[in-house]
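In: Take a look and give me a structure for this.
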Amino acid sequence: MKIMSVFMKLRYCLMSGYIICRFLGKEEGWIKRKPTIGSQLIKYTRESENFFITYTRVLFCFMGVNKIKDRWKDVWKYIFDEIYLSDVLLFDTMLASLEKSDLKIKRCICFPEVYRDFLEKKILETEEPIDKLVNVCCQEKYGDIKRKTIRHSIEVFSKWSVLPECKSWLIQKCEEYVNKEENEKNKIVLFHLLGEGKCLTPTFFKRYCTYVYQCVDKRVKYYYGVHELSWLVFNNPHLLYEEYHVERKNFLEALAQELWEQEKGCCVKKEEGNKRIAILVDGLHGKVYASARLEIYIANEFARRGYEVSIFVADSNRLEGDFDGFVNPSGTRRTSSEMYKEEHQLMTEKGVRVVYNEANTYEKIFNHYLHKIYEFGPDFIIDILGERTIFDYILIHDYPIITVPLGGFSSCSVFDYIVVRDMQAVRATNKQYYSVDENKAVEGNLYLPYNLTVTKRYTRKKLHIGKKDYVMVTVGNRLKTEINLEFALAMAELLKKYDDMKWMVIGAWRNEFDFLQGFLSAGRIIYTGFENELPALYKLCDIFINPIRTGGGGSVAMFIQQGGPAIISNSPSDILPFVGEENCINGGIKNMFEAVESIYLDRSLGEKLAERQKEKLMSPEFSVEKYVDCIVSLRKKCTDKLG
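Out: Numbers count the residues shown, from 1 in each chain. This next block holds a predicted model:
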């Protein structure tokens, strides 16, 4: 009887799949039949998960065979409307089953837009919308489906973040949810989604930090506490609150001590050599990355001076597996820096060694890293770890540490001295959010000229750019947060005003502004994605327009070095010291776009700006020799920790 029962179910499944596909294009037939088919499907799917997987596969096979991919929206709409709200677990089972389908079936599914629209519709209509969304993100197994769920949830939040009335409504709903929700991991998931969707407020961010610091789940403390929160501040400086640095330093110190207690007797300080330096980095990427070039150039210069140099790569946010039943932090690294080993060998000079970290859980990474440094026994440490590590909280007790921050004007690191890019910006930041002892800070800047030789060749014709078109360019790995509403609106106004203007966007960006969609469709906005040979594209561009941000200095500098003018705000940023405040725009987005328009109307203004910016950028004061001289002088001032 059991065999017959399964056979009958399969037979019905085939028949119902055929009927659905046959009538999808005929509205009347579909409406008449879907109640019967739907009720039977729900009945059968509750009886057997395996049968439901079989049904799902057969249904989508029929959809593929009958070439009706353009009509799957009706199927998904019905599944969402009839199944999701009545049985969330069944809906999750259905999504999970799709992950097990073969590639041919997956190609037939193609439901991202419908799923995003569905999420938005249901969040707005449901009495407890945030509960539903958090449950969807937490309950599903981690995989392609969950990633889509999270991505589309973030897109919904991003869309709402540019609509004041929606954002206000969302914040109110989130406040209600946070106040009644007892599960702190669920609250962290919500804050994560809000942060990714640019809807996080300073008040919510403070609560987010508190929940992460107090969470009993070690993975959350390590990966969210050490990495995620600092990424959010880096991308969204407005989230800082007055006590942020004090609270964070206390958290990092306690976490470091907790980890250190496990290995306290295993790392014994050895006799240091007078000419031995440890350079600590979190990730060491390839030659196109500004951070890797800076780290290796510093190492090479010390090697030329007779030092034995080891670059210790932490890869501290590398994750062994996914956060099952949770949401991965944004900064999760899925590859080891060792994948760039051949490039590193070509970039480093004799006397420089790179030590990779092959551990894959946070405890192992921490212990492995410290063991290797203590075995090496450096005379002093150059810390270029950034804000997302905690190793300096242990090493400071035994070694002099000179910190070289990669960006920003505040720091949660501990050090004997810190080399900052802009002392004035540090003082201004300290007035609001004290973090850096100004007596331990010294100003120093290093610019490493790029090799502008390229192997690729782009043409205006290939990218549908006219001979007389005026091309603006913006580049970055965090453009989804750096291109904000004000910037996008100003760009739209400029494109409307001048028909021969085009905007090239290079890097990580997903357009979330409906009012820009028409420009994208018409080819007025050219989105290229990531490009590892920027000069090849820069040759087609007339002017660089830089969002107001702390990072992104490398891509701007390369454009200036190539001879083009860059529109840069005089707000504190990585690039500001290299071009000089006198060669930047005094004011905000409005003033910056007015400057673009002025240069568009009078190209000689752009030529003069480009000349001044390049002269400042290529000045000897930013050479690697001067920079290393600064570090050596700071080492002499450090308290001797060798005894």
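In: Next, count neighbours for Glu349.
Out: Glu349 has 14 neighbours, counted by other C-beta atoms under 10 Å. Just so you know, the C-beta spots here come from the backbone N, C-alpha and C atoms, and that holds for glycine as well.
In: which ones are touching it?
Out: Asn300, Ala303, Arg304 (C-beta atoms under 8 Å, 6 or more residues apart in numbering).
In: Can you give me every residue that contacts the first one?
Out: Counting by C-beta under 8 Å, 6+ apart, Asn300 makes contact with Met347, Thr348, Glu349, Val352.
In: Mind exporting the C-alpha coordinates of the helix or strand where Met592 lies to PDB?
Out: In this structure, Met592 sits in helix 589-601 according to DSSP states H and E. Written as PDB, here are the backbone C-alpha positions of helix 589-601 (Å, rounded to 0.1, in the frame of the first residue of the first chain):
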ATOM      1  CA  ILE A 589      28.000  67.500  -2.600                       C
ATOM      2  CA  LYS A 590      26.300  70.600  -4.100                       C
ATOM      3  CA  ASN A 591      29.600  72.500  -4.300                       C
ATOM      4  CA  MET A 592      31.300  69.400  -5.800                       C
ATOM      5  CA  PHE A 593      28.800  69.000  -8.600                       C
ATOM      6  CA  GLU A 594      29.000  72.700  -9.300                       C
ATOM      7  CA  ALA A 595      32.700  72.300  -9.700                       C
ATOM      8  CA  VAL A 596      32.200  69.500 -12.200                       C
ATOM      9  CA  GLU A 597      29.800  71.700 -14.200                       C
ATOM     10  CA  SER A 598      32.300  74.600 -14.200                       C
ATOM     11  CA  ILE A 599      35.100  72.300 -15.500                       C
ATOM     12  CA  TYR A 600      32.800  70.800 -18.100                       C
ATOM     13  CA  LEU A 601      32.000  74.300 -19.400                       C
END
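In: Kindly state the distance between the middle of that helix and the middle of its chain.
Out: Distance, stretch centre to chain centre, for helix 589-601: 29 Å (C-alpha atoms, centre = their mean, to the nearest Å).
In: again, but for stretch 601-615
Out: Here the centre of stretch 601-615 is set off from its chain's centre by 33 Å, with C-alpha atoms, centre = their mean.
In: need the strands for this structure, in chain order.
Out: Taking DSSP state E, the strands of the chain run over residues 276-281, 308-313, 352-355, 380-384, 401-403, 417-420, 441-443, 470-476, 501-507, 525-529, 543-545, 566-567.
In: can you put those strands in JSON lines and add distance to Lys341 and mean neighbour count?
Out: Converted to JSON lines, these look like this (distance: least, C-beta to C-beta, whole Å; neighbours: other C-beta atoms under 10 Å):
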{"stretch": "strand 276-281", "distance to Lys341": "14", "mean neighbour count": "24"}
{"stretch": "strand 308-313", "distance to Lys341": "10", "mean neighbour count": "23"}
{"stretch": "strand 352-355", "distance to Lys341": "8", "mean neighbour count": "19"}
{"stretch": "strand 380-384", "distance to Lys341": "19", "mean neighbour count": "24"}
{"stretch": "strand 401-403", "distance to Lys341": "26", "mean neighbour count": "24"}
{"stretch": "strand 417-420", "distance to Lys341": "28", "mean neighbour count": "23"}
{"stretch": "strand 441-443", "distance to Lys341": "33", "mean neighbour count": "16"}
{"stretch": "strand 470-476", "distance to Lys341": "27", "mean neighbour count": "22"}
{"stretch": "strand 501-507", "distance to Lys341": "25", "mean neighbour count": "22"}
{"stretch": "strand 525-529", "distance to Lys341": "26", "mean neighbour count": "16"}
{"stretch": "strand 543-545", "distance to Lys341": "33", "mean neighbour count": "23"}
{"stretch": "strand 566-567", "distance to Lys341": "34", "mean neighbour count": "23"}
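In: pLDDT weak spots in the stretch 1-150 of the chain?
Out: 1-127, 139-145, 148 (pLDDT under 70).
In: what's the answer for the chain, then?
Out: For the chain (pLDDT under 70), the answer is 1-127, 139-145, 148, 263-266, 268-273, 318-322, 324-325, 331, 333-334, 639-643.
In: Map the structural domains onto the sequence of it.
Out: 43-51+72-244, 276-446+626-637, 470-621 (automatic domain parsing).
In: mind putting these in CSV, distance to Val454 included?
Out: Compiled in CSV, those are given as follows (distance: least, C-beta to C-beta, whole Å):
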stretch, distance to Val454
domain 43-51+72-244, 30
domain 276-446+626-637, 11
domain 470-621, 4
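In: Looking at those, spot the one closest to Thr455.
Out: domain 470-621 (6.8 Å; C-beta to C-beta).
In: just how off-centre is the closest one within its chain?
Out: Here domain 470-621 is found 20 Å from its chain centre; the criterion is C-alpha atoms, centre = their mean.
In: Just the endpoints, please. Distance across that domain?
Out: Taking C-alpha to C-alpha, to the nearest Å as the measure, domain 470-621 stretches 34 Å from start to finish.
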